[in-house]
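# here is a sequence with its predicted model. Questions after.
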Amino acid sequence: MSTRAALAAGTALSAAVTSALAWTASAAIGPVPPLHLGRDLASDYAQLAAAPAGNGRELFAAVASIYAVCLLVSGWRRQRRGGA
């Protein structure tokens, strides 16, 4: 598995996890109020980043750990093949 393939796998997995988090959060919380964007860029970005899970740090940790595991597996596989 090359680094490019590991990043592609990480992107696909993180998209699936993010959509699952968004679905479970919307099912548990109910309808989300509309976002009011355009007033404060930092606040707007924080609202958009936290929208799927309700917590931006939690979502970032989930996506970062997915990419880390994919890259770690890619490195292990490359080392077992003799390194390229």
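Now that the structure is in, tell me what you want to look at. Numbers count the residues shown, from 1 in each chain.
# make it CA atoms for all contacts and neighbour counts henceforth
Noted.
# show the contacting residues for the most centrally placed residue in the chain.
The chain has V63 as the residue nearest its centroid, 3.2 Å off, counting by CA atoms, centre = their mean. The neighbours of V63, taking CA atoms under 8 Å, 6 or more residues apart in numbering as the test, are S14.
# ok now the host helix or strand of it, how far from the chain's centre?
Assigning secondary structure by DSSP states H and E places V63 in helix 56-80. Computed by CA atoms, centre = their mean, to the nearest Å, the separation of helix 56-80 from the middle of its chain amounts to 11 Å.
# list the buried residues in it.
Buried residues in helix 56-80, defined by neighbour count with 16 or more other CA atoms under 10 Å: 56, 59-60, 63, 66-67, 70-71, 73-75.
# okay if I get those residues as JSON lines plus distance to L41?
Written out in JSON lines, the entries for these read as follows (distance: CA to CA, whole Å):
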{"residue": "G56", "distance to L41": "15"}
{"residue": "L59", "distance to L41": "20"}
{"residue": "F60", "distance to L41": "19"}
{"residue": "V63", "distance to L41": "23"}
{"residue": "I66", "distance to L41": "28"}
{"residue": "Y67", "distance to L41": "27"}
{"residue": "C70", "distance to L41": "32"}
{"residue": "L71", "distance to L41": "32"}
{"residue": "V73", "distance to L41": "37"}
{"residue": "S74", "distance to L41": "37"}
{"residue": "G75", "distance to L41": "38"}
